[in-house]
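Undergrad: The sequence and its predicted three-dimensional model are supplied below.
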Amino acid sequence: MTKTRVLVAENHPSIRENLRYLINAERDLECVGVAKNGRQCIDMCRELQPEVLVVDEIFPGADGLAITAIVGSRLPQIRVVMYTFNPEICEVAREMGAVGCVPKYMPYDVLLGALRQAAPVPSH
């Protein structure tokens with residue numbers, strides 16, 4: 001089974017590490033890296049070519065919406081899932097190209113489900 005490659009872009013260190021751990025604990029997902037700021041996120045997207053990017057709305061260097069727009073225009077093969085404390089931003093995130101948006105107060109299973117839903121369909 002091939003695993004869906006996920007890049008985590010999260011502002012808060014403990015959430016960032018929790019997400020890395022949770023994603024790697026799933027048999028069908030793999031965290032290929034974690035980014036701490038906007039520039040690092042874009043660089044890691046180019047270098048690592050994840051299939052899915054989970055990005056925090058509030059992020060130093062470039063906010064999650066800006067990153068969503070940049071990835072959507074420059075790296076359209078990467079599917080973006082916004083991860084936010086502000087669910088009102090979800091509609092804007094989708095307009096900017098995010099395929100999913102998960103409020104941070106939801107259980108982690110909801111985020112893992114959104115990552116799976118965002119994953120590209122395997123070709124046979």
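TA: Alright, I've got the coordinates.
Undergrad: contacts, neighbours, all on C-alpha from now
TA: OK.
Undergrad: Enumerate every residue touching M82.
TA: Residues in contact with M82 (C-alpha atoms under 8 Å, 6 or more residues apart in numbering) are 54-57, 64, 90, 93, 98, 100-102.
Undergrad: Mind checking which of these are in helices?
TA: 64, 90, 93 (DSSP state H).
Undergrad: could you dump these to JSON lines with pLDDT and distance to C41?
TA: Converted to JSON lines, the ones in helices among the contacts of M82 look like this (pLDDT from 0 to 100; distance: C-alpha to C-alpha, whole Å):
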{"residue": "G64", "pLDDT": "92", "distance to C41": "10"}
{"residue": "C90", "pLDDT": "93", "distance to C41": "20"}
{"residue": "A93", "pLDDT": "94", "distance to C41": "17"}
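Undergrad: re earlier: quick check, nearest of the contacts of M82 to P76?
TA: A98 (10.5 Å; C-alpha to C-alpha).
Undergrad: That closest one reaches R79, doesn't it?
TA: Yes - between A98 and R79 there is a contact under C-alpha atoms under 8 Å: 6.9 Å.
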